[in-house]
Structures are given as C-alpha cells and as structure tokens.
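**Q** model the following, please.
(one chain, ligands or ions: 2)
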Amino acid sequence: MSVIYDPVHWTPHKKLYDKLLLAFVGLYLVLFGALEALLHPQVTAETLVIRATGTLAFLMLHIILCIGPLCRLDKRFLPLLYNRRHFGVTMFLVGLVHGIFNLVQFHSLGDVGPLVSLFVSNTHYGSLTRFPFQSLGFFALIILFLMAATSHDFWLKNLTPPVWKSLHISVYAAYAMLVMHVMLGVIQLEKSPVLIGLTGLGMFTVVGLHVAVAIKQGRKDKAARRKPTTNNQQPTTNFIYACEVADIPDNRAKMLIIEGENIALFKYDGKLSAVHNLCKHQNGPLSEGKIIDGCITCPWHGYQYRPEDGQSPPPFKEMVSTYDVRVEGSKVFVNPKPYPEGTARPPAVITAP
Ligand code: HEM
Ligand code: FES
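**A** Residues are numbered from 1 along each chain as shown. Ligands and ions are numbered 1, 2, ... in the order given. Alright, predicted model coming up:
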C-alpha cells in the first residue's frame, strides 16, 4: 500500500522476486544466444539481439497473462502475483530493446526518420499476407509503455481505479496485436513454423486458463448466492440466512452473494463481521484473504481493512462497505443492505460453543 510516491517499497520478498526475475532474463538471453549461434552461425549480432529480446518479451507476456488465472485456480501461485508489476515493467523494457534494434536495423538508413519509415516503407494495409506486421508491434509497445509508466500505485490513485483498470485491461489488445505481429512476421519472412506452433500453444494456454477461471468463478458464485425466501429470512427483518458458524474457519471468510451484494463474511476472535468482497486496490477477492494482525488482508497484494469498520489502518485511507451480521445459536444471518464505506458496525458475537 502506498499513499505517497515512494518509487518501490522494498521488502525481502520483492528483492528475491527481482533477483529471480533478472536471473531468468539473463539465463534466457545467454541460452538463446548460444543456441542461435549453434544453429544459425551466420546471423549478425543485431539479428541475434532482435530475436532473443522479441521472443523473451513475448514469453514474459504469456507468463504475466497466466499468473492471474493461475492464482485464482491455486493459491500456491500467489507469490508470483505479489510483484507482477516488476515482471511487467521488465517485459516492456525487453520489448523496447527489440523495437529499438528493429528501428535502427531496418528503418534508420533511409531519407525519412525511422518512425516515419516504419509506417511508409510498406503500405499494404489491405493485404493479410503483406500486412506491415511491424506496425502492430509498435502499437502494442505503446500500450505496454503506458501500462509500465502507470504501474505504480501512485498512478492507480491519481487516475482513479476505473480509469486505471480500463487502461490495464488493454494488455489483452496488446497481446492480440503481438500474436498477429509474430504470426504475420513468421509467414511473411518464411521463418520456422515452430514459432507459429509455440504461439498457438501459448494462446491455447492463456485462453484455456481464463476459461477455467470463469467456470470455477461461476460455480463459486452459484454456491455463494442466497435468495431471500420465507424459509431463510428472519421474520420481520432483512436478515438472510448465510451459513452455519462452523462453516467458516477461524480468521477466514465465506463469500456470499445476496441481492446482488458481493459480501465477505469473516470469523475471528469469536466474532463475525461482514464487508464488501472487492478490494479497493484492484478488486481482489477479500473473502479469499485472511485476518492478519487483526485486519482482513487481501490475498493479491496485501491491502488491509479492519473487519469491524472496513477501514484500512492509518495512515492508509482505503474503505469498503460494511454489513450487519447476527448469530442465532449456530446460524449466521446477514443483512445485505450495505452501509457507506468505512462505517463501523458491531461484530456479531458467537455464543454457541
Ligand atoms: C516498435 C516495435 C516493434 C517493431 C518495429 C518490431 C519489428 C519486428 C520485426 C522486423 C521482426 C522480424 C525480425 C526478424 O527478421 O527476425 C519481429 C519479430 C518478432 N517480434 Fe517484434 N517488433 C516490435 C515490437 C515487438 C514487441 C513489443 C514484442 C513482444 C512483446 C515483439 C515480439 C516479436 C517476436 C516474438 C518476434 C519473432 C521472433 C523474431 O524473429 O525476432 N515485437 N519484430
Ligand atoms: S491488494 Fe491488490 S487487489 Fe487487493
């Protein structure tokens, strides 16, 4: 969490993450260079850099797109999510080296500037087989630049979460452009079909994981839904039956969807509190987090909220809505009417043993 512009809030975990990231980048470049030199000894150093950085950036983008769904499918992947933005910025820098080397190599010796040359040297925009695939790489790079430049939480706050999220969702547009960039490039330059095969496999993995998450989330939402009926509604109140006390492990939560409200119902210290399920940072599912140091801790990047009032502990100012909870014997009831964000509500005390 960051309220001022603090370039990077270093933690031992982030330092380790970055060391492993740099080791991965270094290892890939060395191995790719060695393999390429062995298989194609005639290639120039510039071509080697172009190929190594292009394939590395593309591979990194695949990993980045897979991290999100993998975390939703299995919590053991969460450590990868925690510092994904450093992964993203590194991927952009690697892609930038590829773009710059291409501009210098293929577009800097003519009468016009390299950027003009990029767009006018091939104008077959109407032909699929002769389409200037380089321009797709350029536009994708612009999107990746905007994302890397605004990746800090400082920008998330200043642009507001909805604007920031719309910008960052455009990574999928960049991905689509890069798939076309690579496919058309391989076809036009008559290069090895292996790259097409690998790109297909990458797409299949990315799309497959997203579909798997959508199916899993659909099932979870169905299980979390509670409809007010005469059977489960407390007479004369708006409290709806949520679950049994024993259904929620200590310091954990149960997700509920009642009348369109997405609620995280937490059990801690012999009490129960309910808050809105979506984290203010990037909509992380709070119900999948746990109580750490008395605060609900988001599983994605660790934002915290007090369960009894939905407020982040000082100096942070994030707030989520709260809800009323009641316990009767072993049964838990929740009123789905939200209180304004950060409103303190007394927790329900668990009485039954
Ligand atoms: C200004 C932006 C870009 C330009 C002008 C550009 C241009 C090119 C060119 C000319 C090639 C064929 C190179 C060759 O003869 O081997 C190529 C290939 C490729 N590009 Fe780009 N590209 C750009 C951005 C990107 C970005 C951002 C990525 C990935 C994140 C990317 C990924 C690739 C890949 C994977 C290949 C195939 C591997 C290779 O043969 O180099 N490109 N690009
Ligand atoms: S901390 Fe990032 S989504 Fe919750």
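
**Q** neighbours of Asp18, how many?
**A** Residues lying near Asp18 (other Cβ atoms under 10 Å) number 16. Where you see a C-beta, it was placed from the backbone N, CA and C, and this is true even at glycine.

**Q** what's the closest non-adjacent residue to it?
**A** Distances taken as Cβ to Cβ, 6 or more residues apart in numbering place His86 nearest to Asp18, at 5.7 Å, with adjacent residues excluded.

**Q** who's in contact with the one you found?
**A** Applying Cβ atoms under 8 Å, 6 or more residues apart in numbering, we find His86 in contact with 14, 17-18, 21.

**Q** out of those residues, which are buried?
**A** The neighbour count (16 or more other Cβ atoms under 10 Å) marks 17-18, 21 as buried among these.

**Q** how far away is the residue nearest to Asp18 from Met60?
**A** Distance, His86 to Met60, using Cβ to Cβ, to the nearest Å: 11 Å.

**Q** mean confidence score for the host helix or strand of Ile142?
**A** Assigned by DSSP states H and E, Ile142 belongs to helix 133-149. Averaging pLDDT along helix 133-149 gives 96.

**Q** please see if the following helix or strand past that helix touches ligand 2.
**A** Later in the chain than helix 133-149, the nearest helix or strand by DSSP H and E is helix 153-159. No: on the criterion Cβ under 6 Å from any ligand atom, helix 153-159 is out of touch with ligand 2, staying 8.9 Å away.

**Q** list the buried residues in helix 153-159.
**A** Neighbour-count burial for helix 153-159 flags 153, 156-157 (criterion: 16+ other Cβ under 10 Å).

**Q** please pull up the helix or strand immediately following it.
**A** By DSSP H and E, the next helix or strand past helix 153-159 is helix 161-169.

**Q** what helices or strands is the very next helix or strand once past that following helix leaning on?
**A** Using DSSP H and E, the helix or strand that follows helix 161-169 in sequence is helix 171-188. Under the contact criterion of 3 or more Cβ pairs under 8 Å, 6 or more residues apart in numbering; DSSP states H and E, helix 171-188 touches helix 45-73, helix 133-149, helix 193-224.

**Q** give me that answer again for 10 Å
**A** When contacts are defined as 3 or more Cβ pairs under 10 Å, 6 or more residues apart in numbering; DSSP states H and E, helix 171-188 packs onto helix 45-73, helix 84-107, helix 133-149, helix 193-224.

**Q** got a markdown table for those helices, with distance to ligand 2 too?
**A** Formatted as a markdown table, those follow (distance: least, Cβ to the nearest ligand atom, whole Å):
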| stretch | distance to ligand 2 |
| --- | --- |
| helix 45-73 | 11 |
| helix 84-107 | 10 |
| helix 133-149 | 16 |
| helix 193-224 | 15 |
